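K.L.:
predicted model, plus sequence, below.
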Amino acid sequence: MNFNWSNYLKTAEYMMSQARQFPDEEACYRSVTSRAYYASFGLARDYLKNHENFETSGNAHKEVREKLRAKPTTQKISNQLKQLCQYRNESDYDENLSMFPVIMAERALSLARKIVQALEQIA
């Protein structure tokens, strides 16, 4: 059974709404950012597999963005996914974030929603 990547976005949105109840809000916001990215990435990769017969060979995250960037109709999605990936990398790996965690999580969710909406429109 294939995983429905949009469920990661629903999970991220739920976590965002409940962040103040988590024992560590920052960890929650960082997780929101990460889940928002993976929802978008998974849906973008599935879109390419289903509509472009695309298969990744090694560096899937970069390959998906490059494939999206190659077509005018998906360039914006590629740029948004790149920004979201930067947020995810920072959230997952950096000790100190470049902005408040809640702001990063809000921006990540906003980008993820835009990516999902754009993919739905072209599918």
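P.N.:
Nice, I can see it. Residues are numbered from 1 along each chain as shown.
K.L.:
need the three-state assignment for the residue of the chain positioned farthest from its centre.
P.N.:
The centre of the chain is farthest from one residue, Pro23, which by Cα atoms, centre = their mean lies 24.2 Å away. The three-state label for Pro23, taken from DSSP: H, G, I helix; E, B strand; the rest coil, comes out as coil.
K.L.:
pLDDT below threshold where in this structure?
P.N.:
For the chain, the stretches with pLDDT under 70 are 1.
K.L.:
strands of that one, start to end?
P.N.:
Using DSSP state E, the chain contains no strands.
K.L.:
closest to the mean position in it, which residue would that be?
P.N.:
Tyr37 (1.8 Å).
K.L.:
now that residue: how far from Lys76?
P.N.:
Tyr37 is 17 Å from Lys76, where distance means Cβ to Cβ, to the nearest Å. The C-beta positions use only the backbone N, C-alpha and C, and glycine is treated the same way.
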